[in-house]
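> below is the structure, and that's it, no one-letter string:
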């Protein structure tokens, strides 16, 4: 990723609670307290704009090329990578300067991004998510008799010893974290949404391996039973969590677990799923979790859970990413949603240079044409983006 020298002049800059008017000096890609002497330097007039840190999508899928599970898993990887590059560039232009890919991605895509071969957000990947046989990552319908062990986004792995090897292999090849499936899901065909998946021993084995390497485990989970099953066995990040109740939210807070809601996905599937070929089973499952997503965000915040932000959009639905911002603002308010997309997701990822615009931060910023605390639509309307800056270079 190329680093730039840039001064953003006269913007109102997000401080985590409100906005202060000041310049932002970016030197060699990082926010600095002092401007570099000499050398090429660009300026960007931020007068009349509100600068927020580059946004973070903590539940992104670069390789989710289709609404069909088997196509995502076993289609040509070359197509998935090229299409994934397009999805990443689109996210960057919307102001998401960092993404966490939880189910998919690999070291090849990460190397291409690091070398500047494609425009992309900063990229953190888990590799293929781990699923039990018949779990959320198993794309086979009950009546289909074919073999499936792994694909680009999910791998079926059963048993403690096999899971230990799978985790070690992901960490060997650059994974940021480990993703496991601990409940049924909308997109899979043969698993009830509420039923917990993996045994306690299996989850603990995954957590032990990840923790020993300084990493952590994110779990796909919807129901109170599945969420409790996950966090009581060491999972740090709950993805989705639509069906949680207050007691489960309070336990999440006690355990220090994060919630990453993905409100965009259910809204998009409800509005557009049928027309782009989403199967009837998934449409029916989606209806169960659709109305509960915003309520889960409110419960989690009330209990003191750290609530992040994710999108989880598959196939052609990926252009609804900013609608997820609108939905989260509706659930939590603009300030909390902005913190979710910056400070909270940065804490989840574990990079102190993310999520703020103080000295030492990455030079990633989105300049908005209106104050998002008074005009929240500035956070989700594409036309409200006056500029997107990454590593001290204007990218949109």
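Cool, the structure landed. All values derive from a computational prediction rather than experimental measurement.

> how far off centre is stretch 269-288?
21 Å (Cα atoms, centre = their mean, to the nearest Å).

> show residues contacting it.
Stretch 269-288 is touched from outside by 67-68, 141, 184-187, 189, 193, 266, 290, 315-317, 320, with contacts defined as Cβ atoms under 8 Å, 6 or more residues apart in numbering. (Glycine included, C-beta is placed from N, CA and C.)

> mind checking the end-to-end distance for it?
12 Å (Cα to Cα, to the nearest Å).

> could you number the chain from 25 rather than 1 from now on?
Shifting the count to begin at 25 puts that one at stretch 293-312.

> related to what we said a few turns ago, show me the two of the contacts of stretch 293-312 that sit farthest apart.
165 and 344 (26.2 Å; Cβ to Cβ).

> which of those two has more residues huddled nearby?
Per other Cβ atoms under 10 Å, whichever of residue 165 and residue 344 has more neighbours is residue 344, with 19 against 14.

> touching, the more buried one and residue 337? I think so.
Yes - the criterion here is Cβ atoms under 8 Å, and residue 344 meets it with residue 337 at 5.8 Å.

> which neighbours do these two have in common?
Residues touching both residue 344 and residue 337 (Cβ under 8 Å, 6+ apart): 288, 292.

> re earlier: list only buried entries from the contacts of stretch 293-312.
Buried members of the contacts of stretch 293-312, scored by 16 or more other Cβ atoms under 10 Å, are 91-92, 208-211, 213, 217, 290, 314, 339, 341, 344.

> switch those residues over to JSON lines; also include pLDDT, distance to residue 71 and secondary structure.
Converted to JSON lines, these look like this (pLDDT from 0 to 100; distance: Cβ to Cβ, whole Å; DSSP: H, G, I helix; E, B strand; the rest coil):
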{"residue": "91", "pLDDT": "82", "distance to residue 71": "44", "secondary structure": "coil"}
{"residue": "92", "pLDDT": "81", "distance to residue 71": "48", "secondary structure": "coil"}
{"residue": "208", "pLDDT": "88", "distance to residue 71": "51", "secondary structure": "coil"}
{"residue": "209", "pLDDT": "81", "distance to residue 71": "47", "secondary structure": "coil"}
{"residue": "210", "pLDDT": "76", "distance to residue 71": "45", "secondary structure": "coil"}
{"residue": "211", "pLDDT": "65", "distance to residue 71": "45", "secondary structure": "coil"}
{"residue": "213", "pLDDT": "65", "distance to residue 71": "54", "secondary structure": "coil"}
{"residue": "217", "pLDDT": "85", "distance to residue 71": "50", "secondary structure": "coil"}
{"residue": "290", "pLDDT": "90", "distance to residue 71": "39", "secondary structure": "helix"}
{"residue": "314", "pLDDT": "79", "distance to residue 71": "42", "secondary structure": "helix"}
{"residue": "339", "pLDDT": "92", "distance to residue 71": "40", "secondary structure": "helix"}
{"residue": "341", "pLDDT": "94", "distance to residue 71": "37", "secondary structure": "helix"}
{"residue": "344", "pLDDT": "97", "distance to residue 71": "32", "secondary structure": "helix"}
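
> from those, which is closest to residue 190?
residue 209 (19.4 Å).

> hey, what's the closest residue to residue 58 other than its chain neighbours bridged with?
Once flanking residues are discounted, residue 58 sits nearest to residue 49: 6.9 Å by Cβ to Cβ, 6 or more residues apart in numbering. Residue 49 has these beta-bridge partners by DSSP bridges: residue 31, residue 56.

> isn't residue 49 right up against residue 57?
Yes - taking Cβ under 8 Å as the definition, residue 49 is a contact partner of residue 57 at 7.4 Å.

> higher neighbour count, those two?
Taking neighbours as other Cβ under 10 Å, residue 49 and residue 57 compare with residue 49 leading, 21 against 9.

> ok, now how distant is that one from residue 146?
20 Å (Cβ to Cβ, to the nearest Å).

> any weak-confidence spans in the stretch 175-324 of the chain?
Within the stretch 175-324 of the chain, the segments meeting pLDDT under 70 span 211-214.

> which residue ranges form the helices in it?
184-196, 224-236, 248-255, 270-279, 287-296, 304-314, 317-327 (DSSP state H, counting those that start in this stretch).

> closest one to residue 70 among these?
Relative to residue 70, the nearest member of these by Cβ to Cβ is helix 287-296, separated by 28.4 Å.

> neighbours around residue 41, how many?
For residue 41, using other Cβ under 10 Å, the count is 9.

> name the SS class of the residue nearest to it when sequence neighbours are not counted, please.
In space, and not counting its chain neighbours, residue 41 is closest to residue 359: 7.2 Å by Cβ to Cβ, 6+ apart. State at residue 359, reduced to three classes by DSSP: H, G, I helix; E, B strand; the rest coil: helix.
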